[in-house]
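Novice: Provided below are the primary sequence and the corresponding predicted coordinates.
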Amino acid sequence: MNRAIKKEIKFFLLSDYEKEEAYLTEMHRTGWKLKNVSYGSVYTFEKCEPENVVYRLDFAQDKEKDLSYYIAMFGEYGWEYMQDVNGYSYFRKRTDGLAEEDTELFSDSESRFEMMKQIINTRLMPVWVIFTGILIPNFVKAIMHGFDHIPFHTVLTVLFVFLFAGYSYVILHCEIEFQKLKKKYTKK
């Protein structure tokens, strides 16, 4: 195996984008620059000279309309576009001699809040609504017909209940994290 390439598996929820940015930034500062992200949690790094670089993620639904313009817009401010994964665009930028505000993708808190709102509305809530739409009718059917004979659809309902509970936990966790981020950026 090539020693100049390293892979790590890390899991970040949608609301943990700042933790992911910090992880990527630290890896680069210790001599491992991001090459790509695959499957949303497999990070491939290339050996490099340690540099002062910052990584930022952006979640913008309308970027697909004109991706080249979107990338060029950030490029004008010194951001190198890496790739898109799970709706996030990955960018990096050298920070030597830059003021702190020049290391941020967003110039104001409202833009950050809008990104968080987009994540919740386009990624988290639709799946939760689908789960709910599947569970409620199956629960009603199971209650009306009793649980004496457990048909196959009831087993699927139990499976969906566990998935629904897990996904509800993820939504709750993300909402709590987004509220923390809102407080953090409201104070700035």
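Specialist: That came in fine, so what should we check first?
Novice: next one: stretch 90-109 to chain centre, how far?
Specialist: 19 Å (CA atoms, centre = their mean, to the nearest Å).
Novice: may I see the buried residues of that stretch?
Specialist: For stretch 90-109, a neighbour-count test (16 or more other CB atoms under 10 Å) marks Y90, F91, R92, K93, T95, T103, L105 as buried. In short, each C-beta sits where N, CA and C put it, glycine included.
Novice: quick one: the second one is in a strand?
Specialist: Translated: F91. Yes. The assignment for F91 is a strand, going by DSSP: H, G, I helix; E, B strand; the rest coil.
Novice: just checking, what packs against the helix or strand of the chain with the lowest mean pLDDT?
Specialist: The helix or strand of the chain with the poorest confidence is helix 125-145; it has a mean of 73 (mean pLDDT, DSSP states H and E). Using 3 or more CB pairs under 8 Å, 6 or more residues apart in numbering; DSSP states H and E, the elements in contact with helix 125-145 are helix 152-187.
Novice: now for the helix it packs on, which elements pack on it?
Specialist: helix 109-119, helix 125-145.
Novice: select, out of those helices, the one closest to H28.
Specialist: helix 109-119 (22.5 Å; CB to CB).
Novice: on that earlier part again, out of the buried residues of stretch 90-109, which is nearest to G75?
Specialist: For these, the nearest to G75 is F91 (9.2 Å; CB to CB).
Novice: give me the below-cutoff pLDDT ranges for this protein.
Specialist: 1-2, 61, 63-64, 138-139, 142-143, 145-157, 188 (pLDDT under 70).
Novice: if we use 80, what do you get?
Specialist: Across the chain, the ranges flagged by pLDDT under 80 are 1-3, 60-65, 106-113, 116-117, 120-161, 163-164, 185, 187-188.
Novice: just the helices and strands packed on helix 152-187: most buried one?
Specialist: helix 109-119 (a mean of 16; mean count of other CB atoms under 10 Å).
Novice: so which of the buried residues of stretch 90-109 is the closest to A4?
Specialist: The nearest one, if we look at the buried residues of stretch 90-109 relative to A4 and count by CB to CB, is R92, at 18.4 Å.
Novice: how close does that closest one sit to H28?
Specialist: Per CB to CB, to the nearest Å, R92 is found 7 Å from H28.
Novice: try V37
Specialist: In terms of CB to CB, V37 sits 14 Å off from H28.
Novice: so those two - more neighbours on which side?
Specialist: The neighbour comparison of V37 against H28 (other CB atoms under 10 Å) goes to H28, with 23 against 20.
Novice: pretty sure the more buried one contacts E46?
Specialist: No. Using CB atoms under 8 Å, H28 makes no contact with E46, being 10.0 Å away.
Novice: joint contacts of the two?
Specialist: L34 (CB atoms under 8 Å, 6 or more residues apart in numbering).
Novice: residue contacts, the nearest residue to I171 once chain neighbours are set aside?
Specialist: Spatially, and ignoring its direct neighbours in sequence, I171 is nearest to L124 (5.1 Å; CB to CB, 6 or more residues apart in numbering). If a contact means CB under 8 Å, 6+ apart, then L124 has L14, V170, I171, C174 as its contacts.
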